[in-house]
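**Q** this is a predicted model, with the sequence first.
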Amino acid sequence: MLMADSLGELRDSLTGDVLVEGDREYERARLCFNLLVDRRPAAIAHCVDANDVAAALSFGQARGFEIAVRGGGHNPAGHCAVDDGLVIDLSRMRDVRVDPEKQVAVSQGGATWLDFDAATQAHGLVTPGGVVGSTGVTGLALGGGIGHLTAQYGLTCDNLFAAELVTPAGEIVRATADENPELLWGLRGGGGNFGVVTQAEFQLHPLERVVGGRLEYEGEGVVQALRLLRALSSDGPRELSIQAQLTTDESVAPKLLVVPCYTGEDEDPDALRPFRLAPGLVSDSVRHHSFLEQQRIFDPGYGVDRNYWKGHFVGELPDELIDDLLGRITALGRPPGGILIESLHGGPKDVDPASAALGYRHAGFNVSAMASWTDPAHDEESIAWARETAAAIEPWSVSGGYANYMQADEPIERVRAAFGPDAFARLQALKSRYDPNNVLHRNQNIPPTG
Ligand SMILES: Cc1cc2nc3c(=O)[nH]c(=O)nc-3n(C[C@H](O)[C@H](O)[C@H](O)COP(=O)(O)OP(=O)(O)OC[C@H]3O[C@@H](n4cnc5c(N)ncnc54)[C@H](O)[C@@H]3O)c2cc1C
């Protein structure tokens with residue numbers, strides 16, 4: 001509970017507004033993507049610039065409030081909301097400035113992919129980002145970033161070349177290859193552990209149209225298409241990114257959605273022909289269309305479902321794993337959500353692994369059990385389904401899970417494994433330098449040394 005004098009002090013110290021319980025916008029502003037997370041912050045500070053962020057950080061620490069940082073509100077762990085604490089909400093900081101000559105974009109800390117793509121596509125430019133427009137650009141980039149252009153241009157964090165952040169001590173720090181390079185290394189995968197990023201700068205690439213859309217398979221076609229997908233890990237073309245989602249049809253039989261994004265010259269690419277001619281293909285909407293259309297293929301509602309996600313990076317997709325996934329998707333006898341399979345061939349492997357903190361570049365695929373449901377009566381069963389499905393994937397795991405999809409209950413060993421022990425130790429040293437008191441701990445936390 002925020003006393004009136006404290007609230008007045010916080011309001012006076014910010015240019016942006018502050019929401020508390022009872023304010024008209026409070027109920028909507030406290031929501032995050034995952035309805036399983038239902039928290040009531042003491043205050044939500046709508047920061048408008050780095051000074052506001054510094055003032056909110058200072059206020060929160062002086063008054064002993066737990067602090068959460070909110071970008072797009074999409075993290076499935078619900079890290080952006082905190083009961084009785086202070087939310088530093090960046091949703092008023094969504095400006096994206098593009099320099100078409102230099103092919104770079106400067107994105108404020110609260111911009112979403114909708115904001116980013118609209119600004120960059122106005123100049124026919126892109127950076128590889130997330131596949132859902134309402135996801136935060138910075139939140140996604142700080143955890144890696146896998147999407148429709150991963151094979152072509154690498155992970156989102158591989159394209160992050162500079163950032164400005166406000167540390168918990170209120171210092172404004174810049175991280176580039178020349179200035180605080182260790183911090184830039186840590187921001188590429190290490191999440192929101194070191195400060196609140198107010199500006200993130202990305203390399204852009206010319207691209208306006210792609211060959212993409214949805215391919216849907218049923219019956220025997222599901223296994224066949226998964227086997228085609230597996231071939232990507234050894235010789236997947238760099239101009240073709242692919243992700244697939246295993247779900248169920250009305251009779252709770254397995255169904256597979258494959259979403260390719262091809263950026264080569266060909267309007268009917270050879271690389272896609274086996275997928276388009278495979279038996280069991282029941283729907284094919286693949287065509288030459290704008291990149292913005294591709295970015296609308298997955299468009300879930302915000303704050304509608306309850307979610308629990310858990311997965312592993314794997315080297316390949318052997319038949320035994322495919323069989324297990326088919327068994328798991330029907331195990332509940334009702335639609336459990338989906339199993340997402342993202343290929344990591346191409347771009348992520350072209351980048352020097354030493355340039356970023358994350359440790360899963362060598363993986364073939366990211367395989368994630370994504371339980372989603374609406375009835376609270378299904379909470380326990382759905383969470384158990386995701387955990388058991390992840391356990392079935394684990395024998396093929398080549399590193400920890402994907403930080404961007406982790407729930408809040410992941411043990412520290414899983415976070416460490418996502419980086420590897422050496423990188424984790426370096427991240428802990430960075431944390432000790434920039435956030436020694438672990439003020440920013442509502443994230444996939446890297447505790448300071450000691
Ligand atoms: C529907 C949906 C689609 C998704 N699609 C993809 C995808 O295609 N590819 C992919 O890789 N991931 C994807 N994700 C995962 C997503 O990238 C992560 O959950 C990410 O953390 C979301 O960032 P956010 O800002 O939206 O979330 P928030 O919940 O607002 O923030 C999550 C955490 O990120 C940190 N953070 C956010 N902004 C800042 C900042 N400016 N400074 C410092 N720290 C910050 C904070 O620690 C915060 O707690 C998706 C998630 C959802 C729910």
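**A** Cool, got the structure. Since the model is a prediction, treat every value here as computed from it, not as a measurement.

**Q** which residues of the stretch 251-400 of the chain lie near the ligand?
**A** By Cβ under 6 Å from any ligand atom, the residues of the stretch 251-400 of the chain that approach the ligand are residue 300. Yep, even glycine has a C-beta here, placed from its N, CA and C like the rest.

**Q** what ranges does the stretch 251-400 of the chain have for its helices?
**A** Using DSSP state H, counting those that start in this stretch, the helices assigned to the stretch 251-400 of the chain run over residues 273-277, 291-294, 319-329, 347-350, 379-393.

**Q** format these as TSV; extra columns: mean neighbour count.
**A** Below are these laid out as TSV (neighbours: other Cβ atoms under 10 Å):
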stretch	mean neighbour count
helix 273-277	14
helix 291-294	19
helix 319-329	17
helix 347-350	18
helix 379-393	18
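
**Q** right, and the ones you listed - which one's nearest residue 423?
**A** Closest to residue 423 of the helices of the stretch 251-400 of the chain is helix 347-350 (Cβ to Cβ; 15.4 Å).

**Q** show me what that closest one is packed against.
**A** Helix 347-350 sits against helix 150-153, with contacts defined as 3 or more Cβ pairs under 8 Å, 6 or more residues apart in numbering; DSSP states H and E.

**Q** if you look at the helix it packs on, does any of it touch the ligand?
**A** No: applying Cβ under 6 Å from any ligand atom, one finds helix 150-153 separated from the ligand by no less than 8.8 Å.

**Q** beyond that helix, next helix or strand please.
**A** strand 160-166 (DSSP states H and E).

**Q** list the strands paired with that next one, with their directions.
**A** strand 172-175 (antiparallel), strand 196-203 (antiparallel) (DSSP bridges).

**Q** now the shortest one: buried residues?
**A** Right, the one you point to is strand 172-175. For strand 172-175, a neighbour-count test (16 or more other Cβ atoms under 10 Å) marks 173, 175 as buried.

**Q** for stretch 331-339, same thing?
**A** 332, 335, 336, 337, 338, 339.

**Q** now, which of the residues you listed sits nearest residue 80?
**A** Using Cβ to Cβ, the buried residues of stretch 331-339 come closest to residue 80 at residue 337, 21.1 Å.

**Q** hey, what's that closest one bridged with?
**A** Applying DSSP bridges, one finds that residue 337 bridges with residue 371.

**Q** got it, and residue 284?
**A** Bridge pairing for residue 284 - DSSP bridges - gives residue 215.

**Q** quick revisit: for the ligand, which of the strands paired with strand 160-166 is the nearest?
**A** strand 196-203 (3.6 Å; Cβ to the nearest ligand atom).

**Q** thought residue 351 was touching residue 158?
**A** Yes: Residue 351 is in contact with residue 158 according to Cβ atoms under 8 Å; the separation is 4.8 Å.

**Q** the two: which is more packed in?
**A** residue 158 (27 against 17; other Cβ atoms under 10 Å).

**Q** so who does that one touch?
**A** By Cβ atoms under 8 Å, 6 or more residues apart in numbering, the contact set of residue 158 is 128, 188, 347, 348, 351, 355, 356.

**Q** against residue 239, how distant is it?
**A** 17 Å (Cβ to Cβ, to the nearest Å).

**Q** what does the helix or strand containing residue 223 rub up against?
**A** In this assignment (DSSP H and E), residue 223 forms part of helix 221-235. Residues outside helix 221-235 that contact it (Cβ under 8 Å, 6+ apart): 215, 217, 240, 242, 244, 246, 254-256, 258, 274-275, 278-282, 315-319, 322, 325-326, 341, 343-345, 364-365.

**Q** ok, now stretch 437-446?
**A** Stretch 437-446 is contacted from outside by 57, 60-61, 66-69, 77, 79-80, 82, 143, 168, 190-196, 403, 406, 410, 412, 415, 418, 424, 427-428, 430-431, 447-448, using Cβ under 8 Å, 6+ apart.

**Q** make it 7 Å
**A** 61, 67-69, 79, 82, 168, 190-193, 403, 406, 415, 427-428, 431, 447-448 (Cβ atoms under 7 Å, 6 or more residues apart in numbering).

**Q** ok, and of those residues, which contact the ligand?
**A** Checking those against the ligand (Cβ under 6 Å from any ligand atom), the matches are 69, 79, 191, 192.

**Q** got a winner among those for most neighbours?
**A** For those, neighbours tallied by other Cβ under 10 Å; top is residue 69, 29 neighbours.

**Q** what are the phi and psi angles of the nearest residue to that residue once chain neighbours are set aside?
**A** Leaving aside its sequence neighbours, residue 69 sits nearest to residue 88 (Cβ to Cβ, 6 or more residues apart in numbering; 5.0 Å). Per-residue torsions, residue 88: phi -90, psi 100 (degrees, to the nearest 10).

**Q** you'd agree residue 88 is up against residue 66?
**A** No: under the criterion of Cβ atoms under 7 Å, residue 88 makes no contact with residue 66, lying 11.4 Å away.

**Q** now for the closest residue to residue 151 other than its chain neighbours, how many residues are close by?
**A** Spatial nearest neighbour of residue 151, chain neighbours left out: residue 346 (3.2 Å); criterion: Cβ to Cβ, 6+ apart. Residues lying near residue 346 (other Cβ under 10 Å) number 20.

**Q** stretch 108-116 and the ligand in contact?
**A** Yes: using Cβ under 6 Å from any ligand atom, we find that stretch 108-116 touches the ligand at residue 109.

**Q** who's in contact with that stretch?
**A** Stretch 108-116 is contacted from outside by 71-72, 90-96, 105, 107, 129-130, 133-138, 196-200, 295, using Cβ under 7 Å, 6+ apart.

**Q** of all the ones next to the ligand among the contacts of stretch 437-446, which two lie farthest apart?
**A** 69 and 191 (10.1 Å).

**Q** which stretches of this structure have low pLDDT?
**A** 1, 301-303, 450 (pLDDT under 70).
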